[in-house]
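K.L.:
Okay, sequence plus prediction incoming.
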Amino acid sequence: MKFNLLTIFPHIFDSYINESILKRAQAKDLITINPVNLRDFATDKHSIIDDTPYGGGPGMIMKVEPLYKAIKDIRSKAKKKHRVVLLSPQGKSFTQKVASDYAKLDEITFVCGRYEGFDARVSEFVDEEVSIGSYVLSGGELPALVVTEAVARLLPGVLGHEHSADDETYSKDLDYIEYPQYTRPEVFEVNGQELKVPEILLSGDHQKIKEWRKNKSSKK
Ligand code: SAM
């Protein structure tokens, strides 16, 4: 799957996408992450992509022409199942369900805003608007990374067996929460208190462990 990240800061992703799971997924050719510089689509010689708001008010607004040109260019080269997603705190909420829908695509483009956001006319050229939560960040780059990672880890081969996404929180439905997990030591002593791993997990009885986990998960 190909992820296009349309931004005015194409190098902002460098460190994160070149570590761990996203790095391995790219090395295995399971995903391509393609930062695209919005300034390359500016319509003037100074590569200006923002301007003051009509009607007055603070800050700058991202101009519609460069966004239109960039999205048009990306669409003209895109694979068949492709969607353009505008990142906005005003968009529909990003959930695990949305992540699994996106994981069925061949290509996805995230449009990252900055400043006071976009000229509202850009909505005409994208397929949907998505928010990663009810708070405001300074740019769409972190949301783009959040969505990229949530989608990429659902693609076949991206996670090894040891990191299977099958049992994880929200994997079955949005009410499902994963059971509690423990690792060594069996007893952790702190402030005179012994925090023990539940005995059932040490029993080796797989059926009972399965039932215990199911029970804990639904209680959570
Ligand atoms: N003035 C805009 C508003 O009030 O809705 C907020 C603009 S915000 C400072 C700049 C950019 O960051 C947005 O255009 C968007 O791309 C991104 N952004 C900020 N918070 C976000 C969120 N919760 N989810 C997705 N994108 C977000």
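P.N.:
Everything's here; your move.
K.L.:
For Val146, grab the count of nearby residues.
P.N.:
16 (other C-beta atoms under 10 Å). Placement of C-beta: from N, CA and C, glycine included.
K.L.:
Would the helix or strand encompassing it count as contacting the ligand?
P.N.:
Counting by DSSP states H and E, the element that carries Val146 is helix 141-152. Yes: under the criterion of C-beta under 6 Å from any ligand atom, the ligand is reached by helix 141-152 at Pro143.
K.L.:
what's downstream of that helix, the next helix or strand?
P.N.:
Once the chain leaves helix 141-152, the next helix or strand it forms, by DSSP H and E, is strand 187-190.
K.L.:
what's next to the helix holding Val146, contact-wise?
P.N.:
1, 3, 5, 7, 9, 12-13, 16-17, 21-22, 25, 30-31, 33, 85, 87, 94, 96, 99, 102-103, 108, 110, 112, 130-132, 137, 158 (C-beta atoms under 8 Å, 6 or more residues apart in numbering).
K.L.:
filter those by proximity to the ligand?
P.N.:
Leu87, Cys112, Ser131, Ile132, Leu137.
K.L.:
which residues does the third one contact?
P.N.:
What it means is Ser131. Counted by C-beta under 8 Å, 6+ apart, Ser131 has contacts Leu87, Ser88, Pro89, Gln90, Gly91, Lys92, Ser93, Phe94, Pro143.
K.L.:
Quick check: the residue of the chain nearest the ligand.
P.N.:
Residue nearest to the ligand within the chain (C-beta to the nearest ligand atom): Gly113, separated by 2.1 Å.
K.L.:
Double-check that residue against Gly140; I have them as touching.
P.N.:
Yes: applying C-beta atoms under 8 Å, one finds Gly113 in contact with Gly140, separated by 4.7 Å.
K.L.:
These two: which has the busier surroundings?
P.N.:
Gly140 (27 against 24).
K.L.:
and the gap between that one and Ser131?
P.N.:
10 Å (C-beta to C-beta, to the nearest Å).
K.L.:
swap in Leu86?
P.N.:
10 Å.
K.L.:
got it, and Gly192?
P.N.:
In terms of C-beta to C-beta, Gly192 sits 46 Å off from Ser131.
K.L.:
try Asp40
P.N.:
Distance from Asp40 to Ser131, by C-beta to C-beta: 27 Å.
K.L.:
Please apply the same query to Leu201.
P.N.:
Going from Leu201 to Ser131 by C-beta to C-beta gives 38 Å.
K.L.:
Tell me what angle the lengthiest strand in the chain forms with helix 141-152.
P.N.:
Longest strand in the chain, counting residues (DSSP state E): strand 82-93. Between strand 82-93 and helix 141-152, the angle comes out at 110 degrees (axes from the mean of the first three to the mean of the last three C-alpha atoms, to 10 degrees).
K.L.:
Strand 82-93 pairs with which strands?
P.N.:
Next to strand 82-93 in the sheet, as set by DSSP bridges, lie strand 107-111 (parallel), strand 128-131 (parallel).
K.L.:
circling back to that earlier point, make sure the residue of the chain closest to the ligand is indeed in a strand.
P.N.:
No: the assignment for Gly113 (DSSP: H, G, I helix; E, B strand; the rest coil) gives coil, which keeps it out of a strand.
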